[in-house]
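*Asks:* Any chance you can model this:
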Amino acid sequence: MDRSFPVITTKRLRLRQFEARDDRGLHACLGNERLMRYWDFVACEDIDETRRWVRILAKTTSPYDALAWAVADAKTDECIGMVNYHHREARNHRLEIGYILNANWHGRGLMREAVQGLVAHCIENLKTRRIAAIIHPDNAPSIRLVTKLGFECEGGPLRDYWRTGTTYMSPMLYSFIAS
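*Replies:* Alright, predicted model coming up:
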């Protein structure tokens, strides 16, 4: 584990660097076709594919362009999801965020807590002014989450913006501007 990796602590969660032991926790997300239907890549077919993702995520520790955190339960340190930023443009003080949570943990306000922590980190530590979330228009829970956090819909659908397998998706653009 990289000691310089930024750990984000909330009331019930610890956002931390991925570790090899997070493979099953992340697979509950990335291997779940129902959850992945709104992402821009297909669900992982097996635990080995998720393990490859965990290895990649665990090695990515530079905050320059993208960074991902394991969302861990604060009491058990069990990985229950992921939050990340990507497409960071430091010069323009902007980036995009993504997130996913194990379905067994839905309905508790945990992802709102995690995203709130991520947004605060990006504003305070990376000096980010504009944070975007690209969301499939049918993903009502995600839209509710970002709007509760102050994100506003800027437009869309962004025609054929994402491709998953052979299917193109046209998501909506939500953004938060730090004051």
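*Asks:* for the chain, which helix is longest?
*Replies:* Assignment by DSSP state H gives helix 110-126 as the longest helix of the chain.
*Asks:* Now that one: average pLDDT?
*Replies:* Helix 110-126 shows a mean pLDDT of 98.
*Asks:* Report all helices and strands that the helix or strand following it contacts.
*Replies:* Once helix 110-126 ends, the next helix or strand along the chain (criterion: DSSP states H and E) is strand 130-135. Under the contact criterion of 3 or more CB pairs under 8 Å, 6 or more residues apart in numbering; DSSP states H and E, strand 130-135 touches strand 94-101, helix 110-126, helix 140-148, strand 172-177. The C-beta positions use only the backbone N, C-alpha and C, and glycine is treated the same way.
*Asks:* which other residues reach the longest helix of the chain?
*Replies:* 6, 8-13, 15, 63, 69, 71, 80-81, 83, 85, 88, 90, 95, 97, 99, 101, 128-129, 131, 145-146, 148-149, 176, 178 (CB atoms under 8 Å, 6 or more residues apart in numbering).
*Asks:* In contact with the residue nearest to S142 when sequence neighbours are not counted: list those residues for me.
*Replies:* Leaving out its chain neighbours, the residue that sits closest to S142 by CB to CB, 6 or more residues apart in numbering is I135, at 5.0 Å. Each residue near I135 by CB under 8 Å, 6+ apart is listed here: 38, 142-143, 146, 171-172, 174.
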